[in-house]
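Peer 1: quick one: sequence plus predicted model below, questions after.
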Amino acid sequence: MSHQIDRTHDRELTSWVASAGQPDTDFPIQNLPFGVFQRDDSGKTHVGVAIGDQILDLHSCEEAGLLEGLAAASASRASNLNAMMALSASDRQELRQRLVELLQEGTAPGRIRSVSKALVPMKEVELRLPASIGDYTDFYASVFHATNVGSMFRPDNPLLPNYKHIPIGYHGRASSIVVSGSQVRRPCGQTKADDAEAPTFGPSKLLDYEMEVGIFVGPGNEQGSTIPIDQAEDHIFGLCLVNDWSARDLQKWEYQPLGPFLAKSFSTSISPWVVTAEALAPFRSTAFDRPEGDPQPLPHLSSEENLSSGGFDVSVEVWLQSEQMRAEGIEPVRLSRGRFTDLYWTVAQMITHHSSNGCNMRPGDLLASGTVSGQAKDTRGCLLELTWRGSEPLELPSGEQRRFLADGDEVILRGYCEREGFARIGFGECRGQVLPAKQET
């Protein structure tokens, strides 16, 4: 199983790569997340694994014979992670075991010299999108977020009756997914003020972020078949961070009757490193504890394993730095911190539900959780909730106020897992800076 704990999770395990032992690193040897990087202007990309402040180039490892005998060897030569994601959970586990053998303290000096040749300083490369994302689906899995937002727009009926029976989601726009560090231009669109007779077109005035967790699909299923709940875990390749930028004024005008469209499709940012399901094994948790009286999932969305260990205990934070803060040398300020365990639906349930009609899931497809929000105000994962639709503005260290995002604001998502008895592992960052709208003259 992808969440079986073994020697690769041992807290005492250390690496001969010195930076992997730093207390503040996101990437100790117990993590080994996958990503894609580019070293020069040739456009050629390689698959790599993060270790401390270095990247282990898997293409170079394969050429040096360091991955001999592994099913993952050929996938290591690819330009993105899709072939790696198509591997079985057992093949991925074998690769993880081999990588730990290559990087752990006590490796033979001759082997260390060979592996060292495949290490690339992270600061010398450009990180790219980890996969060719064929399809992107965004869920709405936090009952706290759904209730908060629903109460703003439908105060008499905040949570629609289907919510607790079915994982709600919509088909997003894969072509506008960008990697962390990419700038995000404020979108233009059609909006309608409450007191206006007709809509107008122009830049969004209510631009927002959404703090989410992404799930990259593994092997997937053929069209017409399904992924049963007791097999869904084998189709979770790993998790990343997602900022699903949202234009709330466009969204309010367009969302009925078919849901989000232009308010979401202009840009979605994701972190470059994918933390594998295998690395996350020590941080599994029970599924959301449904209050008494809530309906239980239908049989096809329920299993004992999912109930006992279907959750992921991931903490996610959102930080903001305004243009004025940068000019004054003020560090980013944390706005909120949420936990992935607050989701009403598990990742396995999302995958099973998505495929339950015969929809084919493919390696590299991206699912997003929807905004990760909890009950407390400081766990709310977007400005719409934090400022309660702009009525409770935030005070920044620079003296500025924020109801929604301003041009020049940079939003930074960070994620990590911590549990007693295990090494802390992180997701790195997902950054994006807002550019002014581009209007035709």
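Peer 2: Cool, the structure landed.

Peer 1: and residue 205, how far from residue 149?
Peer 2: Taking CB to CB, to the nearest Å as the measure, residue 205 and residue 149 are separated by 18 Å. From N, CA and C alone the C-beta is placed, and that goes for glycine too.

Peer 1: the more surrounded of the two?
Peer 2: Shown here are residue 205 and residue 149; by other CB atoms under 10 Å, residue 149 has more neighbours (22 against 14).

Peer 1: surely the more buried one touches residue 383?
Peer 2: No. With contact defined as CB atoms under 8 Å, residue 149 does not count as touching residue 383 (11.9 Å).

Peer 1: give me the common contacts of these two.
Peer 2: Taking CB atoms under 8 Å, 6 or more residues apart in numbering as the contact rule, residue 149 and residue 383 touch no residue in common.

Peer 1: how many other residues sit next to the closest residue to residue 30 other than its chain neighbours?
Peer 2: Beyond its immediate neighbours in the sequence, the residue positioned closest to residue 30 (CB to CB, 6 or more residues apart in numbering) is residue 423, lying 4.3 Å away. The burial count assigned to residue 423 is 19, neighbours taken as other CB under 10 Å.

Peer 1: again, but for residue 20
Peer 2: Neighbour count of residue 20, defined by other CB under 10 Å: 23.

Peer 1: return the per-residue confidence for it.
Peer 2: In the prediction, the pLDDT value recorded for residue 20 is 98.

Peer 1: the one 3 residues further on too?
Peer 2: For residue 23, the model assigns a pLDDT of 94.

Peer 1: so it belongs to a helix, correct?
Peer 2: No. Secondary structure of residue 23 (DSSP: H, G, I helix; E, B strand; the rest coil): coil, not part of a helix.

Peer 1: quick one: it from residue 424, how far?
Peer 2: Remark: distance between residue 23 and residue 424 (CB to CB) = 8 Å.

Peer 1: which one of the two is surrounded by more residues?
Peer 2: residue 424 (17 against 6).

Peer 1: which element, helix or strand, includes the residue nearest to residue 218 when sequence neighbours are not counted?
Peer 2: Nearest residue to residue 218, sequence neighbours excluded (CB to CB, 6+ apart): residue 237, at 4.2 Å. Assigned by DSSP states H and E, residue 237 belongs to strand 236-243.

Peer 1: likewise for residue 307?
Peer 2: If you go by DSSP H and E, residue 307 is part of helix 304-309.

Peer 1: what does that helix rub up against?
Peer 2: Contact with helix 304-309 is made by 3, 229-230, 232-233, 284-287, 346, 348-349, as judged by CB under 8 Å, 6+ apart.

Peer 1: same question for stretch 160-177.
Peer 2: Stretch 160-177 is touched from outside by 129, 133-141, 143, 146, 150, 244, 259-260, 264-270, 290, 294-295, 297-298, 301, 344-345, 349-350, 353-354, 366-368, 370, with contacts defined as CB under 8 Å, 6+ apart.

Peer 1: filter those residues down to just the ones in helices.
Peer 2: Residues of the contacts of stretch 160-177 located in helices (DSSP state H): 143, 146, 150, 264-265, 349-350, 353-354.

Peer 1: in the strand holding residue 237, which residues are buried?
Peer 2: When burial is assessed from 16 or more other CB atoms under 10 Å, strand 236-243 yields the following buried residues: 236-243.

Peer 1: kindly report the same for stretch 372-392.
Peer 2: So stretch 372-392, judged by 16+ other CB under 10 Å, has buried residues 372-374, 379-389.

Peer 1: C-alpha coordinates for it, CSV please?
Peer 2: Coordinates of each C-alpha in stretch 372-392 appear next as CSV, following Å, rounded to 0.1, in the frame of the first residue of the first chain:
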residue,chain,number,x,y,z
VAL,A,372,-8.9,24.5,2.6
SER,A,373,-10.8,26.2,5.4
GLY,A,374,-11.5,25.3,9.0
GLN,A,375,-13.9,26.6,11.6
ALA,A,376,-11.7,29.3,13.1
LYS,A,377,-11.3,32.6,11.3
ASP,A,378,-7.5,32.3,11.0
THR,A,379,-8.0,29.0,9.2
ARG,A,380,-10.0,30.5,6.3
GLY,A,381,-8.3,29.9,3.0
CYS,A,382,-9.3,32.9,0.9
LEU,A,383,-10.0,36.6,1.3
LEU,A,384,-13.7,36.2,0.5
GLU,A,385,-13.9,34.4,3.9
LEU,A,386,-11.2,36.2,5.8
THR,A,387,-12.7,39.7,5.1
TRP,A,388,-16.2,38.3,5.0
ARG,A,389,-16.9,39.6,1.5
GLY,A,390,-14.8,42.7,2.1
SER,A,391,-16.8,43.9,5.2
GLU,A,392,-13.9,43.1,7.6
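
Peer 1: distance from the chain centre to that stretch, please.
Peer 2: For stretch 372-392, the gap between its own C-alpha mean and the chain's C-alpha mean amounts to 19 Å (CA atoms, centre = their mean, to the nearest Å).

Peer 1: which residues sit against it?
Peer 2: By CB under 8 Å, 6+ apart, the residues outside stretch 372-392 that reach it are 142, 144-145, 148-149, 152, 206, 208-213, 246, 248, 316, 318, 335-340, 342-343, 371, 393-394, 402-405.

Peer 1: I'd like the average pLDDT over that stretch.
Peer 2: For stretch 372-392, mean pLDDT is 97.

Peer 1: over to stretch 125-133?
Peer 2: 98.

Peer 1: which parts of the stretch 151-300 of the chain are helices?
Peer 2: Secondary structure of the stretch 151-300 of the chain (DSSP state H, counting those that start in this stretch): helices at 248-254, 262-265.

Peer 1: contact partners for the spatially most central residue of the chain?
Peer 2: Nearest to the mean C-alpha position of the chain, counting by CA atoms, centre = their mean, stands residue 241 at 2.5 Å. Residues in contact with residue 241, defined by CB under 8 Å, 6+ apart, are 180, 212-214, 270-271, 316, 413-415, 427-430.

Peer 1: distance check, it against residue 46.
Peer 2: Here the distance between residue 241 and residue 46 works out to 22 Å (CB to CB).

Peer 1: any idea how far the residue lying closest to residue 394 once chain neighbours are set aside is from residue 379?
Peer 2: Nearest residue to residue 394, sequence neighbours excluded (CB to CB, 6+ apart): residue 402, at 4.7 Å. Residue 402 sits 18 Å away from residue 379, taking CB to CB as the criterion.
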